[in-house]
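Asks: Mind folding the following:
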Amino acid sequence: MLMPGMEEQLKKIPGFCEGGLGVEGHINCDVLVGYKAVYRVCFGMAMFFLLFSLLMIKVRSSQDPRAALHNGFWFFKFAAAAAITIGSFFISEGPFTTVWFYVGMAGAFCFILIQLVLLIDFAHSWNESWVEKMEEGNSRCWYAALLSVTAVNYLLSLVSLVLFYIYYTHSDGCTENKVFISINMLLCIAASVMSILPQIQESQPRSGLLQSSLVTLYTMYLTWSAMTNEPDRKCNPSLLGIIGLNSTSPAGQDHLVQWWDAQGIVGLILFLMCVLYSSIRNSSNAQVNKLTLTSDESALIEDGPQADSFEEGSSPNRAVDNEKDGVTYSYSFFHFMLFLASLYIMMTLTNWYSPDSNYEAMTSKWPSVWVKISSTWICIALYVWTLVAPLVLVNRDFD
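Replies: The predicted structure is shown next:
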């Protein structure tokens, strides 16, 4: 929807830009139509998943008639999603784009929190796996690998810090960026030191700097992502400008954004990685199961055929309904996650930008900055809690 060729086709829709925004004067359709289309498409998908989330509340087993709607009727579901999406293009503008921007920002923030939980779980799982292999044999090789990855993560974080101070701060301004960078640097150092304290090591022998380095690197990414949404362009240079490919932009055009913005691409890559990780993550992990409201029993068919699981004369490859006694995950929460994911994709594709009051340009706003920067502090707080929780809640098993 944001590609130049698609924008040309969208401008041909009667009333979609000119005459359809209810704004007097000139409207820059070159800037607005792509972003407006993304808002409408993602609105349709989000409403589809939200509707299914409400329909699937309290579905306990596959015997519930609503379970058939969740597991089948694919043609009708695709048709309904397409109808809702097409219908969203006919919603009158009014305050729609502004209101939906803030709804999307809130939903994307919730999805970022889910990403943080998955990231921290991934960091701990990675470290535990390598420490186990180091203890089983060939300790020098695995120790070197552990040390190398940790060093690379910290090195990339250090390089990021230096680049942030060079390109996103100035001696006579950009106070907010200076504060963000400095605070996050100190918090990351504090979390790293805390991870190797004797008390922490005694309660969690496998906690270490690998997790801290990964959290630090992700915090640097979130800090950079927040600064790329700062309204003041002097404190928010484009990536093309930094690498010297856009040093001669026309006057007055430095506020225009591009559909392939770097932080948007990185955000989508991280989104796909989180989805992939949550899909292949071993379901025996209790903390991830609690996040996704998944039971400890596997949803997959047991290995090997069982006589009582098949009807007489049936094919040995026939699928078995193993949710008659209870579903293996929450159908409602599954669709709610997709609802949040739709909002996150919408905000990522539009770079968390929204139209200005004159509908002549897409501009960034301070709420977007604060949403992202606050997520960095929540990320570090969650990681620190995983370190100190065994010391605080001594009666609970955290294995």
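Asks: all contacts plus neighbour counts: C-alpha atoms, from now on.
Replies: Will do.
Asks: Just the helices from this protein, written as ranges.
Replies: 4-10, 29-55, 65-71, 74-88, 96-136, 139-167, 175-195, 198-203, 209-227, 239-242, 262-280, 286-292, 331-349, 366-392 (DSSP state H).
Asks: among these, which gets the worst mean confidence?
Replies: Note on the helices of the chain: lowest mean pLDDT is at helix 286-292, with a mean of 49.
Asks: mind listing what residue 131 touches?
Replies: Neighbouring residues of residue 131 by Cα atoms under 8 Å, 6 or more residues apart in numbering: 142, 206.
Asks: let's have the chain start at 747 instead
Replies: Sure, I'll start counting at 747 from here, so that last one is residue 877.
Asks: From residue 867, how far out is it?
Replies: Noted for residue 877: a distance of 15 Å to residue 867, by Cα to Cα, to the nearest Å.
Asks: ditto for residue 963
Replies: Residue 963 is 15 Å from residue 867, by Cα to Cα.
Asks: what does residue 829 give?
Replies: 38 Å.
Asks: repeat for residue 913
Replies: With Cα to Cα as the criterion, residue 913 and residue 867 are 33 Å apart.
Asks: which one of those two has more residues nearby?
Replies: Ranked by neighbour count (other Cα atoms under 10 Å), residue 913 and residue 867 place residue 867 first, with 18 against 15.
Asks: How much space separates the more buried one from residue 861?
Replies: 10 Å.
Asks: Check residue 903 too.
Replies: Look at residue 903 and residue 861: by Cα to Cα, they are 19 Å apart.
Asks: So the two - more neighbours on which side?
Replies: Higher neighbour count among residue 903 and residue 861: residue 903, with 23 against 19, using other Cα under 10 Å.
Asks: Grab the nearest non-local neighbour of that one.
Replies: Of all residues beyond its chain neighbours, the one nearest residue 903 is residue 963 (5.2 Å), with distances taken as Cα to Cα, 6 or more residues apart in numbering.
Asks: What of residue 785?
Replies: Residue 785 sits nearest to residue 1092 (Cα to Cα, 6+ apart), 6.5 Å away.
Asks: got it, and residue 858?
Replies: residue 1121 (7.3 Å).
Asks: residues near the one you found, how many?
Replies: 20.
Asks: same thing with the one 4 residues further on?
Replies: The criterion is other Cα under 10 Å. On that basis, residue 1125 has 24 neighbouring residues.
Asks: Any figure for the gap between the closest residue to it other than its chain neighbours and residue 1018?
Replies: Nearest residue to residue 1125, sequence neighbours excluded (Cα to Cα, 6+ apart): residue 862, at 5.9 Å. Per Cα to Cα, residue 862 is found 14 Å from residue 1018.
Asks: Same question for residue 935.
Replies: Remark: distance between residue 935 and residue 1018 (Cα to Cα) = 29 Å.
Asks: how about the residue nearest to residue 858, what does it touch?
Replies: 855, 858-859, 968.
Asks: again, only this time at 10 Å
Replies: The neighbours of residue 1121, taking Cα atoms under 10 Å, 6 or more residues apart in numbering as the test, are 855-856, 858-859, 862, 965, 968-969, 972, 1127.
Asks: Out of the residues you listed, which comes closest to residue 817?
Replies: residue 856 (26.2 Å; Cα to Cα).
Asks: Excluding chain neighbours, what is closest to the closest one?
Replies: residue 1086 (7.1 Å).
Asks: The one you found: what's it in contact with?
Replies: 792, 795-796, 850-858, 860, 1092.
Asks: which among these gets closest to residue 888?
Replies: residue 860 (30.1 Å).
Asks: Around that closest one, count how many other residues there are.
Replies: There are 16 residues near residue 860, going by other Cα under 10 Å.
Asks: now residue 1119: how far from residue 780?
Replies: 27 Å.
Asks: Out of the contacts of residue 1121, which end up buried?
Replies: Buried members of the contacts of residue 1121, scored by 16 or more other Cα atoms under 10 Å, are 855-856, 858-859, 862, 965, 968-969, 972.
Asks: for those residues, which one is nearest residue 1097?
Replies: Of the buried ones among the contacts of residue 1121, the one sitting nearest to residue 1097 (Cα to Cα) turns out to be residue 972, at 10.4 Å.
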